[in-house]
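Novice: 3D model of this:
(chains A, B, C and D)
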Protein chains: 2
Amino acid sequence: MKKKQVSLKDIANEVGVSIATVSYVLSNRKDSRVSEAMAKKIKDIAKTLNYQPNKIAQSLKSGKTNTIGLIVADISNPFFANIARIIEDEATKLNYTVIFGSSDEKAEKSLHLIEFLSSRQVDGFIIVPSEGTDNQIAQLKQQNIPLVLLDRYFPDISTNYVVIDNFEASTKVVNELIVSGYERIGMIAYANPLYHMRERIRGYRETIQNHFGGKISPNLVEIDYNDSKKQVRAAIDNLLSGENPVDAVFFATNTLAILGLKYIDELSLTVPKDIAIISFDEGEAFDFYYCPLTHIRQPLDEMGKRAVQILTQQIATPDMGEKQICLKADLIKGKSSLAIYSS
Amino acid sequence: MKKKQVSLKDIANEVGVSIATVSYVLSNRKDSRVSEAMAKKIKDIAKTLNYQPNKIAQSLKSGKTNTIGLIVADISNPFFANIARIIEDEATKLNYTVIFGSSDEKAEKSLHLIEFLSSRQVDGFIIVPSEGTDNQIAQLKQQNIPLVLLDRYFPDISTNYVVIDNFEASTKVVNELIVSGYERIGMIAYANPLYHMRERIRGYRETIQNHFGGKISPNLVEIDYNDSKKQVRAAIDNLLSGENPVDAVFFATNTLAILGLKYIDELSLTVPKDIAIISFDEGEAFDFYYCPLTHIRQPLDEMGKRAVQILTQQIATPDMGEKQICLKADLIKGKSSLAIYSS
DNA sequence: TTTTTTTGTTTAAACGATTAAGCATATATT
DNA sequence: AATATATGCTTAATCGTTTAAACAAAAAAA
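Specialist: Numbering: from 1, shown residues only, chains lettered A, B, ... in the order given. Predicted coordinates for the structure are as follows:
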């Protein structure tokens, strides 16, 4: 009982003319030689029949789908949801549709998504790559499929990417804590070999090293993504115990910060009096934290837009050179890292 | 320089056989009569060439895209991001892809999205409809395009839908406040004519009415979505002023609650001592609110899954009757509506 | 008038897959 | 041996577009 969509053929039959003529008119090509009268007639009928071109057929013919495949770790994570929204808006502006998928930081899922979206002929990908997806990215590149990495990248694979300078951001965080008088600065990060995480950790380590010259060593705990809740609690216990408990903690992501702060509250510690905190990224969750958090703010808007722009450019001009964008992130000063005035 | 994707034709040429034979083998139809030897040869070559079927071509032939169009108000809103994730997972399980778009609660954008996704031949829609989209929904229905409304629906249009019983949920909220000893209960809602909002308001009004029998009247303020921040503040000022200031406020959505609580904090009012609060829906933001919020929890998981299931069923069996699911939401008791023991 | 050019439209191939129908050849049945 | 059936593969149409090429008729140039 379902009514088929109106096709060029239907219009052609109605008007009593060939499909080609209808096509020429409705794709209003400047060089077509269809008479004014005929054109009007066709356009009118098309309108009354409510004709909508079948993009699937167009895509098959043109080899273009005007579709972007977006792969993030988890669309329900606000960081990615926000960026997805920005990407959606920019893509719409450029007449592209977005198909998305969540990889859950798993290489296997990522591969499945890439194959899935490839077979649906997306024109290109924007990918937040997970651990162990190097080969997938290399493969896409080798197949000349337009691609932009977002938020993270592989230094060993030359691709388009849009990221922030994680090293520098991390440096800012640690410096802020040091300037504010904190000395025993711990860091909780993910045990993730990806470059962005390594850079955050390196920024932390080197700044501590440069400043304290070995008199105080870095105190870093790395967390397994799939067991984060338990391990974050253990990490905090760890950092707070021993002869030299930390007086400040730097969380490498907002999810870690949320888990950490919940536990710190459970321990009835007060921020920043008992312990100072700086987090990477924001989160609605922090809106109501009693102590406004000092944190790194990534330029999400610019990141998302740039990624779409670079991708669509590369789709249009495949031989365009690779674009590698590294933006600076800001340190937003809250009250969770207030200067210590008493000893 | 871009390498074309491998097609059946390429394999056929390589093997020296017709396209049809290759197609029969690779779509492993049980009734095909291709010899074992040939089949193996074709499969091997297909593997070495890394053949991936072109779904665009398959779709054109079959008239099916295995794609769901998802329209929500705003993918960056955690409520919708969460539901999008659930829908994604369920869709993947059923071998469907999801294309999404954000309507921003605007009928115009919604129409644009529907047309956009229709022309991309999505097999069906899951839509969180906005104000004024009745005709769009009616039109889709009239075109026999499979459709499930989510979270909201139009009582005047008979469609599939998955919603919660907003009236009942609202009733629970007000009863909880009354039982806890509150009497002057205000409500802040959106000035939105959609049924879900009307039902929340009706639940509030009727419960107040039933309980206080006119001795205390409902005290409702409706907010314009596009000016919510300012208007929520005004609403709270309003509810707290006059001869009979409210002692409790019921927020009709989590976004309203967030705005409201921020202002209440600014006013240095303490929850629930100075004012009791109950909110609809949760939000990461509440995780760190000093006073755990009493709120309505919608069964997001079930809503998302059911929506996908109903939609895919209807795609498979178009003459299936309409399914209308109304789930109950739970009241999660926090401490923001604690019983009053002093007068 | 004949030839050339322009104008308006149609024919047909193509994109990559599916699939009913056709056609040999081989095997089975009488 | 003659006919029927099974086996293995190919031909060709189809989905809805696009578009180069062909064609006929009208207008312009010779």
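
Novice: wait, does stretch A:120-132 contact DNA strand C?
Specialist: No. For a cut-off given as Cβ under 7 Å from any atom of the strand, stretch A:120-132 has no contacts with DNA strand C; the smallest distance is 8.9 Å. Every C-beta, even on glycine, is put in place using the N, C-alpha and C of the backbone.

Novice: what residues sit buried inside that stretch?
Specialist: Judged by neighbour count using 16 or more other Cβ atoms under 10 Å in any protein chain shown, the buried positions of stretch A:120-132 are A:R120, A:Q121, A:V122, A:D123, A:G124, A:F125, A:I126, A:I127, A:V128, A:P129, A:S130, A:E131.

Novice: so what's A:I315 scoring on pLDDT?
Specialist: Taken from the predicted model, the pLDDT recorded for A:I315 is 95.

Novice: so it, which of the three states?
Specialist: Three states are possible here, and by DSSP: H, G, I helix; E, B strand; the rest coil the one that applies to A:I315 is helix.

Novice: distance check, it against A:Q309.
Specialist: Here A:I315 is placed at a distance of 11 Å from A:Q309 (Cβ to Cβ, to the nearest Å).

Novice: rewinding a little: show me the two of the buried residues of stretch A:120-132 that sit farthest apart.
Specialist: Largest separation among these by Cβ to Cβ: A:Q121 and A:E131, giving 27.6 Å.

Novice: give me the buried positions along whichever strand or helix holds A:K230.
Specialist: Assigned by DSSP states H and E, A:K230 belongs to helix A:228-240. Under the neighbour-count criterion of 16+ other Cβ under 10 Å, helix A:228-240 has A:S228, A:Q231, A:V232, A:R233, A:A235, A:I236, A:N238, A:L239, A:L240 buried.

Novice: what of stretch A:135-154?
Specialist: Neighbour count says stretch A:135-154 has A:136-137, A:140-141, A:145-154 buried, by 16+ other Cβ under 10 Å.

Novice: under the pLDDT cut-off, which ranges of the stretch 201-343 of chain A? List them.
Specialist: Applying pLDDT under 70 to the stretch 201-343 of chain A flags residues A:341-343.

Novice: what about the helices in it?
Specialist: With helices called from DSSP state H, counting those that start in this stretch, the stretch 201-343 of chain A shows them at A:228-240, A:254-266, A:300-316.

Novice: for the last one, list the C-alpha coordinates in PDB.
Specialist: The one in question is helix A:300-316. What follows is the C-alpha trace of helix A:300-316 in PDB, where atoms were taken according to Å, rounded to 0.1, in the frame of the first residue of the first chain:
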ATOM      1  CA  LEU A 300      35.600  23.000  20.500                       C
ATOM      2  CA  ASP A 301      33.800  25.300  18.100                       C
ATOM      3  CA  GLU A 302      36.900  26.000  16.100                       C
ATOM      4  CA  MET A 303      38.000  22.400  16.200                       C
ATOM      5  CA  GLY A 304      34.700  21.100  14.800                       C
ATOM      6  CA  LYS A 305      34.400  23.700  12.100                       C
ATOM      7  CA  ARG A 306      37.900  23.300  10.900                       C
ATOM      8  CA  ALA A 307      37.600  19.600  10.700                       C
ATOM      9  CA  VAL A 308      34.600  19.800   8.500                       C
ATOM     10  CA  GLN A 309      36.100  22.500   6.300                       C
ATOM     11  CA  ILE A 310      39.300  20.600   5.800                       C
ATOM     12  CA  LEU A 311      37.400  17.400   5.000                       C
ATOM     13  CA  THR A 312      35.100  19.000   2.500                       C
ATOM     14  CA  GLN A 313      38.000  20.800   0.900                       C
ATOM     15  CA  GLN A 314      39.800  17.500   0.500                       C
ATOM     16  CA  ILE A 315      36.800  15.900  -0.900                       C
ATOM     17  CA  ALA A 316      36.600  18.600  -3.500                       C
END
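
Novice: would that helix count as contacting chain B?
Specialist: No. Judged by Cβ under 8 Å from any Cβ of the partner chain, helix A:300-316 and chain B are separated, with a smallest distance of 9.9 Å.

Novice: ok so, going back, now the helix holding A:K230 - C-alpha only, CSV.
Specialist: What follows is the C-alpha trace of helix A:228-240 in CSV, where atoms were taken according to Å, rounded to 0.1, in the frame of the first residue of the first chain:
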residue,chain,number,x,y,z
SER,A,228,38.0,3.7,35.8
LYS,A,229,35.8,4.2,38.7
LYS,A,230,37.6,1.7,41.0
GLN,A,231,41.0,2.7,39.8
VAL,A,232,40.5,6.4,40.2
ARG,A,233,39.5,5.8,43.9
ALA,A,234,42.6,3.7,44.4
ALA,A,235,44.7,6.3,42.6
ILE,A,236,43.5,9.1,45.0
ASP,A,237,44.1,6.9,48.0
ASN,A,238,47.5,6.3,46.7
LEU,A,239,48.4,9.9,46.0
LEU,A,240,47.2,11.0,49.4
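
Novice: now for that helix, which elements pack on it?
Specialist: Based on contacts counted as 3 or more Cβ pairs under 8 Å, 6 or more residues apart in numbering or on different chains; DSSP states H and E, the elements that helix A:228-240 packs against are strand A:185-190, strand A:219-223, helix A:254-266.

Novice: chain A: strands as residue ranges?
Specialist: Assigned strands in chain A, in chain order: A:67-72, A:97-102, A:124-127, A:147-150, A:160-164, A:185-190, A:219-223, A:248-251, A:276-280, A:294-297, A:324-327, A:330-332 (criterion: DSSP state E).

Novice: of all these, which one is nearest chain B?
Specialist: strand A:97-102 (5.2 Å; Cβ to the nearest Cβ).

Novice: the inter-axis angle of the closest one versus helix A:300-316?
Specialist: Our comparison of strand A:97-102 with helix A:300-316, counting by axes from the mean of the first three to the mean of the last three Cα atoms, to 10 degrees, yields an angle of 120 degrees.

Novice: and chain A, which of its residues are near DNA strand C?
Specialist: Remark: the part of chain A in contact with DNA strand C comprises A:17-21, A:24, A:32-35, A:37-38, A:57, A:60-61, A:63, using Cβ under 7 Å from any atom of the strand.
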